[in-house]
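A.B. asks: Have a look; sequence and predicted model below, questions after that.
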Amino acid sequence: MDGKDLIIFDLDGTLAESKTEMDEEMSELFSKLLSKKKVAIISGGTYTQFKKQFLEGLDCSEELLKNLYLFPVCSTQFYKFNKEWEKIYSEELTNEEIEKIIDSLYKSLDEFGFDEKELYGERIENRGSQVTFSALGQDAPTEKKSCWDVNLSKRRKIKKILEKYIPEFEIRLGGVSSIDITRKGIDKSYGIKQIEKNLGYSIKQMLFIGDALFEGGNDYPVKSTGVTCMAVSGPEETKKIVRGLI
């Protein structure tokens with residue numbers, strides 16, 4: 001970890017459990033990290049999710065927030081702090097693209113034989129620059145989501161069917177029960193390129209920490225960039241790494 005000037009984190013499953021708020025201990029550690037390092041967060045989640053899961057629980061000064069950079073929806077959006085959080089850019093899907101993705105999702109789920117009755121919040125969510133399918137809904141309890149597709153087999157089958165209908169789009173497994181769809185080439189390797197472009201750090205200066213660095217996981221594309229990566233099993237393991245960094 002020597003010589004790493006920018007620490008990049010995944011959010012869901014890394015800094016906080018899926019769709020839940022970051023805990024107080026992580027907040028304290030993160031504040032200390034911001035006093036020593038520049039930090040970026042890349043996630044498939046929306047800026048609203050960043051606020052709910054991360055920012056609302058982060059207790060640190062406005063001066064330290066200037067060391068933090070947010071890249072929601074797989075870096076198709078970029079926010080930085082200057083008295084308040086400012087959106088620097090946003091790459092939105094067109095209405096036609098969103099309509100085609102959603103229609104293809106319904107066809108694929110029907111072909112797969114999806115018949116899940118439990119639903120907590122939206123099952124198919126338009127995030128502007130990404131469409132996300134969540135098997136049990138966006139607000140499903142973590143314990144239920146974690147049990148739905150333990151070995152990834154359900155989502156891999158749905159993804160394979162979906163690829164027939166929309167081969168021109170990027171389709172990735174996200175979180176523990178979701179599928180993310182963006183324009184081709186939009187993944188976390190794209191996010192690393194956006195960080196290089198917008199923040200001016202080289203690959204050698206970066207360290208990425210995430211829970212889905214396995215093949216097929218939504219953090220896996222980062223490996224192709226040459227960035228040093230550290231895989232974690234969850235927030236508790238992330239805390240150990242942060243303690244080492246501070």
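C.D. replies: Arrived safely, thanks for sending.

A.B. asks: From here on, just use CA atoms for contacts and neighbour counts.
C.D. replies: Noted.

A.B. asks: list the contacts for the residue most central in space within the chain?
C.D. replies: By CA atoms, centre = their mean, the mean C-alpha position of the chain lies nearest to residue 43, the distance being 2.0 Å. With contacts defined as CA atoms under 8 Å, 6 or more residues apart in numbering, the neighbours of residue 43 are 10-12, 71-75.

A.B. asks: repeat that for 6 Å
C.D. replies: Remark: with contacts taken as CA atoms under 6 Å, 6 or more residues apart in numbering, residue 43 is in contact with 10-11, 72-74.

A.B. asks: Could you say which of the residues you listed is surrounded by the most neighbours?
C.D. replies: Taking other CA atoms under 10 Å as the neighbour criterion, residue 73 ranks highest of those with 30 neighbours.

A.B. asks: I'd assumed residue 44 was in contact with it.
C.D. replies: Yes. Using CA atoms under 6 Å, residue 73 is in contact with residue 44, at 4.0 Å.

A.B. asks: would you list the contacts of residue 43 in a markdown table and tack on distance to residue 85, pLDDT and secondary structure?
C.D. replies: A markdown table is the format used below for the contacts of residue 43 (distance: CA to CA, whole Å; pLDDT from 0 to 100; DSSP: H, G, I helix; E, B strand; the rest coil):
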| residue | distance to residue 85 | pLDDT | secondary structure |
| --- | --- | --- | --- |
| 10 | 19 | 96 | coil |
| 11 | 18 | 95 | coil |
| 72 | 13 | 94 | helix |
| 73 | 16 | 89 | helix |
| 74 | 18 | 86 | helix |
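
A.B. asks: could I get those as TSV with distance to residue 234?
C.D. replies: Shown next, in TSV, are the contacts of residue 43 (distance: CA to CA, whole Å):
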residue	distance to residue 234
10	11
11	10
72	20
73	20
74	19
